[in-house]
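**Student:** let me see the structure of the following:
(one chain, ligands or ions: 2)
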Amino acid sequence: MRTLIVGAGAIGGFFGSRLIAAGRDVTFLARENRAESLRRDGLRIAGRVPGDGPDAVETFAGIRAISAGEHDSFDLVLLAVKSYALHGVIDDIAPFVGPETTVLPLLNGLKHIDTLKERYGAESVIGGLCVASSQLTGDGTVRLLAPGTSMTYGELDGSMTERIRAVDETLRVPDRDGAEYKARLSEDILADMWVKWVFLASGGAVTTLMGGPVGRVAATPTGPETARAIVEECAAVAAASGYPMSERVVETATERVTEQGSPFTTSMYRDLEEGRPIEVESVIGDLVDRGGALGVATPLLGACYARLCVYASSLQ
Ligand SMILES: NC(=O)C1=CN([C@@H]2O[C@H](COP(=O)(O)OP(=O)(O)OC[C@H]3O[C@@H](n4cnc5c(N)ncnc54)[C@H](OP(=O)(O)O)[C@@H]3O)[C@@H](O)[C@H]2O)C=CC1
Ligand SMILES: CC(C)(CO)C(=O)C(=O)O
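**Tutor:** Ligands and ions are numbered 1, 2, ... in the order given. Model prediction:
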């Protein structure tokens, strides 16, 4: 299956490297500078195997990297850009999306699904999500910050089509060293994406609103109760949208955002800390909007949204 990975950053670079290691046919769509450095210096991944020293870097040479304006055909287009970059990339990928091409986005949130369906037709788009804690560093290396990576995908209507099985075969890579990402074919990917969104938005809101990793928030007198209330707001919006969270999901999310001593942060927190643009609209704003439309009160998410909008406007 010819696969185009759009965005060779923390997620595209990491999952792309695993597909290349498994011998899959992978090309990256990247902007000119990144494409050139991938072709010249290869794709570098650090920190994948727990226990390897911080300087252990795996380099993949012979990377195929193209830029917008080129022409080629692909069976699978794996989207791994930030949500705020989607509008810039959506037309760039048009030459690569034919009638038989499957588009699999790995972005956080859900807003992009409608955007992609509108542009490429509902039949081209499948659902997906990934779990990883990774970062693209200044020298172009993709660094995994914590173990435990996975990718989940499925048809939006849950059906087990021939193409989703082919996608699964491509993305299910052999685990040779016990540190490979876990691939899962979902029969209810929208529900899975909602679970991930509730989890991610809770972690994102707790850490960015209160300004520290979970453990530092949990050590304050009011941190844990605020974190619990944030999870409840996220879960209430999901439930009103037709995706009620199970007790177990709410408990797990709550434990994760109230754990004493935890270094847990999210990609949005790391972006904010380093002064980069953030996915405020797709991760927090969209939940606030949906809550507003459905009559669900989201005062803490609203406060977080305001705080993040102020940050975002300071970058302009
Ligand atoms: N990082 C993480 O730990 C996790 C991230 N996610 C989600 O995955 C998605 C991707 O995030 P992440 O990989 O972290 O983001 P990064 O910023 O690390 O990578 C995105 C890449 O997309 C590239 N890009 C942007 N615009 C274009 C364009 N027009 N053409 C080609 N390439 C482009 C950027 O290139 P350039 O360098 O040129 O700007 C960048 O290298 C997000 O929705 C995020 O929330 C999900 C789970 C964990
Ligand atoms: C869920 C989590 C925290 C790890 O995959 C994430 O998606 C992110 O940091 O963006």
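**Student:** identify the residues contacting residue 20.
**Tutor:** 26, 43, 60, 63 (C-beta atoms under 8 Å, 6 or more residues apart in numbering). C-beta coordinates here come from the backbone N, C-alpha and C atoms, glycine included.
**Student:** the residue located most distally from the centre of the chain: which element?
**Tutor:** Distance to the chain centre peaks in the chain at residue 221, reaching 31.7 Å (criterion: C-alpha atoms, centre = their mean). Using DSSP states H and E, residue 221 falls within no helix or strand.
**Student:** picking that back up, mind checking which of the contacts of residue 20 land in strands?
**Tutor:** Among the contacts of residue 20, DSSP state E puts 26, 43, 60 in strands.
**Student:** closest one of those to ligand 2?
**Tutor:** Distance to ligand 2, by C-beta to the nearest ligand atom, is smallest for residue 43 among the ones in strands among the contacts of residue 20, at 20.1 Å.
**Student:** my guess is the closest one contacts residue 63. True?
**Tutor:** Yes - between residue 43 and residue 63 there is a contact at 5.2 Å, judged by C-beta atoms under 8 Å.
**Student:** the two - which one has more neighbours?
**Tutor:** Between residue 43 and residue 63, residue 43 has the larger neighbour count (other C-beta atoms under 10 Å), namely 26 against 23.
**Student:** need the pLDDT of the more buried one.
**Tutor:** Here, the pLDDT recorded for residue 43 equals 98.
**Student:** excluding its backbone neighbours, what's nearest it?
**Tutor:** Nearest residue to residue 43 in three dimensions, chain neighbours excluded: residue 60, at 4.4 Å (C-beta to C-beta, 6 or more residues apart in numbering).
**Student:** okay, the one you found and residue 42: tell me how far apart.
**Tutor:** As judged by C-beta to C-beta, to the nearest Å, residue 60 and residue 42 stand 5 Å apart.
**Student:** out of the contacts of residue 20, who's near ligand 2?
**Tutor:** Filtering the contacts of residue 20 for proximity to ligand 2 by C-beta under 6 Å from any ligand atom leaves nothing.
**Student:** any chance of those in JSON lines, plus distance to residue 304?
**Tutor:** Below are the contacts of residue 20 laid out as JSON lines (distance: C-beta to C-beta, whole Å):
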{"residue": "26", "distance to residue 304": "37"}
{"residue": "43", "distance to residue 304": "35"}
{"residue": "60", "distance to residue 304": "38"}
{"residue": "63", "distance to residue 304": "38"}
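**Student:** which one of those residues is nearest ligand 1?
**Tutor:** Ligand 1 lies nearest to residue 43 out of these, by C-beta to the nearest ligand atom, at 11.5 Å.
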